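**Q** pasting the sequence and the predicted coordinates here, then a few questions.
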Amino acid sequence: MENIETKRVHLFNCDSLFNLDSVKSLFTSAESKLNFNIEIEKHHFKLSEMSEMSDSKVPGLHMDVAVFVVHANESRLSINEENAGIGYAKIYRALVQATGKSLDYKLD
């Protein structure tokens, strides 16, 4: 019998501005079409907890996929700019590193 791999998906949202159940449903509905199982964990955190989440909690999580849900009314999302040090950049960088990717910036 074939051993089916499990992928760990972590869903993140700051200040509980979005109900992550709809994102979870998206993944679970796609699971039957994939050749792996999906294990989902939701994480809500307050803006005041972002540094702790980025520095302490995220690096200790095993994840294959991370989804960071942000509010559509944000005035500016500078999550992937080289010199971004405010806003969501810190959590974004922690999630990228936790999924085994690197941040290689090549800005002109």
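**A** Nice, thanks for sending it over.
**Q** any low-confidence regions in the protein?
**A** Scanning the chain with the threshold set as pLDDT under 70 gives 1-2, 72-87, 101-108.
**Q** which stretches of it form helices?
**A** Applying DSSP state H to the chain gives helices spanning 21-31, 50-52, 89-98.
**Q** starting at the chain centroid, how far to the first one?
**A** In terms of CA atoms, centre = their mean, to the nearest Å, the gap separating the centre of helix 21-31 from the centre of its chain is 15 Å.
**Q** which residues sit against that helix?
**A** For helix 21-31, the surrounding residues in contact (CB atoms under 8 Å, 6 or more residues apart in numbering) are Val9, Leu11, Asn37, Ile38, Ile40, Lys42, Val67, Val69. The way it works is simple: take the backbone N, C-alpha and C, and place the C-beta from them, glycine included.
**Q** so Phe12 touches Met63, yeah?
**A** No: counting by CB atoms under 8 Å, Phe12 stays clear of Met63, with 10.0 Å between them.
**Q** any shared contact partners between these two?
**A** In terms of CB under 8 Å, 6+ apart, Phe12 and Met63 are both contacted by the residues Leu95.
**Q** quick one, which of the two is more surrounded?
**A** Neighbours were tallied for Phe12 and for Met63 using other CB atoms under 10 Å; the higher tally belongs to Phe12 (25 against 17).
**Q** so that one bridges to which residues?
**A** When bridges are taken as DSSP bridges, the partners of Phe12 come out as His43, Phe68.
**Q** against Glu5, how distant is it?
**A** Distance, Phe12 to Glu5, by CB to CB, to the nearest Å: 23 Å.
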